[in-house]
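**Q** Following is a predicted model, sequence given first.
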Amino acid sequence: MLSVRFEGAGFAKKRIADVAKRLKKVLVKLERSSLDSPFAFASLPSDGATIRSIDAAVSLKRALHPQLIVVVGIGGSNLGAQALVEALRPKTKVLFADTVDPDVLSRIIVQMQDVLRQGKNIVLNVVTKSGFTVETIANFEILYNVLARHRRNANEFVVATTDKGSKLWHLAFKRNFSVLEIPKNVGGRYSVFSAAGLFPLGLAGVDIRELLKGASFANRLCFSQKSPAAQAASWAFLNYRKGRTVYDHFFFASDLEGIGKWCRQLVAESLGKEFDLDGARKKVGILPTVSLGTTDLHSLGQLYFGGPDARFTQFVTSHFNEQLKLPSYADFNNLVPNIQKQDLSSIMRCVREGVLKSYRSAGLPYIEARLSKDEFSLGAFMQAKMLEVVLLAHLLNINPFDQPAVESYKRESSKLLAKKKL
């Protein structure tokens, strides 16, 4: 289950509520959204046609009994699925080819070859909304070539997930790849509950129905009068207005680091904008960071407690699947007292509570989200976070769905590639 607490938020609850009232009209638009609206992502959890197409593709490729799934994408095209794979650890192994680093890709190739030489199957899922992302297509060509060298019917093991009508879409039909559509109005970083995220997750063994139930639960909760997404957005907005431009997502569960990286992209690309909706040059930006407890307390803690007042923090805590108890050695008690026979989870809990108490004492603003490490809870958290970011963008008067500045590096890279070819 997902819960959000605003103790230690740094602002009176009434002040947060007053700002949240400004979001009512946007919440109504989000609640009434469809795949044809600018807020299409909000309707994904209840879109039956999309879910049925994903179920059909999962059933088709599951019949091949894949021992390995390789997702080829970058950014929003794979970060959501990757985060959930790391958190949920499904039965079937999933690799993510999300960089043109040849050393990384070579290691993926070795693992693919090991599986294929044993006579076992691989499903290769290429994911790019535009259908022509340089890094994704480059990696896909190399990995498809590996598959084709070991399987005469290689095309049967490929799934292309892209915009309808894109260049990849047409190539997929030409080569008889399976094809899944990313709805036109769903951007990459908001696509985790589209085919981009749900197909590889479902094929790997994640319960995507529970993910969607969690996301639907978050919608109902966030569209209500006491919307946690609206409160979180208002709280973040008030902190930004006070000059705090760093939004730290602090996870007390290492398996959720990928969720933090997904949050990082969502916040950075949605809220880092040169111009506002009126065309004025504002240079709006909130820098998202990811911290892990207890590890980063010993690398960043000094900065957090003693450095400039430039951050606001969301602590995310979860249960642990394993229980490990310390043995009882009397002479070890002289090294660190009071830990003999304690569970590691108890030690983690005491450290976390100590951190929260220290934040309150230092007047450092934070909110806390508590969730279970399961599909329902993670689905709810991710949907709530997307809603929060869209609402925060409204308060900042910017467009949360475009990323015009990113296109500059793509244009320059394409020019250099064209020169290199000549």
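**A** In hand now; what should we look at? Numbers count the residues shown, from 1 in each chain.

**Q** rest of the way, CA atoms for contacts and neighbours
**A** Will do.

**Q** could you pull out the strands for the stretch 251-400 of the chain?
**A** Ranges of strands in the stretch 251-400 of the chain, per DSSP state E, counting those that start in this stretch, are 273-275, 281-284, 287-292, 311-318, 366-371.

**Q** what's A63 sitting at in phi/psi?
**A** phi -60, psi -20 (degrees, to the nearest 10).

**Q** Neighbours of it, how many?
**A** Counted with other Cα atoms under 10 Å, the neighbours of A63 add up to 8.

**Q** what residues are up against it?
**A** Residues near A63 by Cα atoms under 8 Å, 6 or more residues apart in numbering: none.

**Q** Could you do G202 as well?
**A** By Cα under 8 Å, 6+ apart, the neighbours of G202 are D55, V58, I208.

**Q** So the second one: helix, strand or coil?
**A** Per DSSP: H, G, I helix; E, B strand; the rest coil, the secondary structure class of V58 is helix.

**Q** That one contacts F199, doesn't it?
**A** Yes. Look at V58 against F199 with Cα atoms under 8 Å: they come within range, at 6.3 Å.

**Q** Those two: which is more packed in?
**A** F199 (27 against 19).

**Q** Within the helices and strands, which one has the more buried one?
**A** helix 195-204 (DSSP states H and E).

**Q** just the helices in the stretch 301-422 of the chain please.
**A** 301-306, 344-362, 375-396, 406-421 (DSSP state H, counting those that start in this stretch).

**Q** so of those, which one's packed in deepest?
**A** helix 375-396 (a mean of 24; mean count of other Cα atoms under 10 Å).

**Q** any idea of the mean pLDDT in that helix?
**A** Averaging pLDDT along helix 375-396 gives 98.

**Q** for stretch 123-138, same thing?
**A** 96.

**Q** Might you calculate how far that stretch sits from the centre of the chain?
**A** Centre-to-centre, stretch 123-138 and its host chain are 18 Å apart (Cα atoms, centre = their mean, to the nearest Å).

**Q** which residues touch it?
**A** 61, 66, 68-74, 77-78, 98-100, 140, 144, 157-163, 166-169, 182, 187-188, 196, 200.

**Q** and what of stretch 272-286?
**A** By Cα under 8 Å, 6+ apart, stretch 272-286 touches 240, 245-247, 267-268, 271, 396-399, 403, 405.

**Q** same deal with stretch 391-410?
**A** Against stretch 391-410 from outside (Cα under 8 Å, 6+ apart): 23, 26, 187, 229-230, 233-234, 236-237, 269-271, 273, 275-277, 284, 389-390.

**Q** circling back: can I have the helix holding F199 written out in PDB, keeping just the CAs?
**A** The C-alpha trace of helix 195-204 is given here as PDB (Å, rounded to 0.1, in the frame of the first residue of the first chain):
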ATOM      1  CA  ALA A 195       3.400  -1.300 -24.200                       C
ATOM      2  CA  ALA A 196       6.800   0.200 -23.700                       C
ATOM      3  CA  GLY A 197       6.900  -0.900 -20.100                       C
ATOM      4  CA  LEU A 198       4.200  -3.500 -19.700                       C
ATOM      5  CA  PHE A 199       5.200  -5.900 -22.500                       C
ATOM      6  CA  PRO A 200       8.700  -6.800 -21.300                       C
ATOM      7  CA  LEU A 201       7.500  -6.800 -17.700                       C
ATOM      8  CA  GLY A 202       4.600  -9.100 -18.500                       C
ATOM      9  CA  LEU A 203       6.800 -11.500 -20.500                       C
ATOM     10  CA  ALA A 204       9.300 -11.600 -17.700                       C
END
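
**Q** what about the helix or strand just after that helix, distance to the chain center?
**A** Of the helices and strands lying after helix 195-204 in sequence (DSSP H and E), the nearest is helix 208-222. Distance of helix 208-222 from the chain centroid (Cα atoms, centre = their mean) equals 15 Å.

**Q** and the angle from helix 208-222 to helix 375-396?
**A** If you take axes from the mean of the first three to the mean of the last three Cα atoms, to 10 degrees, helix 208-222 sits at 40 degrees to helix 375-396.

**Q** Name the residues of helix 208-222 that are buried.
**A** Across helix 208-222, burial judged by 16 or more other Cα atoms under 10 Å covers 208-219, 221-222.

**Q** With pLDDT and distance to S377 added, can I get these in TSV?
**A** Output for the buried residues of helix 208-222, formatted as TSV (pLDDT from 0 to 100; distance: Cα to Cα, whole Å):
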residue	pLDDT	distance to S377
I208	98	12
R209	97	12
E210	97	9
L211	98	8
L212	98	10
K213	97	9
G214	97	6
A215	98	8
S216	98	11
F217	97	9
A218	97	9
N219	97	13
L221	95	13
C222	96	14
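
**Q** Okay, and the beta partners of R311?
**A** V246 (DSSP bridges).

**Q** ok, now how distant is A172 from P308?
**A** Applying Cα to Cα, to the nearest Å, the value for A172 to P308 is 52 Å.

**Q** neighbour-wise, which of these two wins?
**A** For A172 versus P308, neighbours defined as other Cα under 10 Å are more numerous around A172 (20 against 9).

**Q** I'd assumed T161 was in contact with that one.
**A** No. Under the criterion of Cα under 8 Å, A172 makes no contact with T161, lying 9.4 Å away.

**Q** okay, and the common contacts of these two?
**A** Contacts common to A172 and T161, judged by Cα under 8 Å, 6+ apart, are V179.

**Q** Looking at the helices of the stretch 301-422 of the chain, which is nearest to F11?
**A** helix 344-362 (12.0 Å; Cα to Cα).

**Q** Alpha carbons of the closest one, as CSV, please.
**A** Output of helix 344-362 as CSV, limited to C-alpha atoms (Å, rounded to 0.1, in the frame of the first residue of the first chain):
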residue,chain,number,x,y,z
LEU,A,344,19.5,-5.9,10.0
SER,A,345,16.0,-4.5,9.1
SER,A,346,15.7,-3.2,12.7
ILE,A,347,19.1,-1.5,12.4
MET,A,348,18.0,0.1,9.1
ARG,A,349,14.8,1.3,10.7
CYS,A,350,16.6,2.9,13.6
VAL,A,351,19.0,4.7,11.2
ARG,A,352,16.1,5.9,9.1
GLU,A,353,14.2,7.2,12.1
GLY,A,354,17.5,8.9,13.3
VAL,A,355,17.8,10.6,9.9
LEU,A,356,14.2,11.9,10.0
LYS,A,357,14.6,13.2,13.5
SER,A,358,17.8,14.9,12.5
TYR,A,359,16.1,16.5,9.4
ARG,A,360,13.3,17.8,11.7
SER,A,361,15.8,19.2,14.2
ALA,A,362,17.8,20.9,11.4
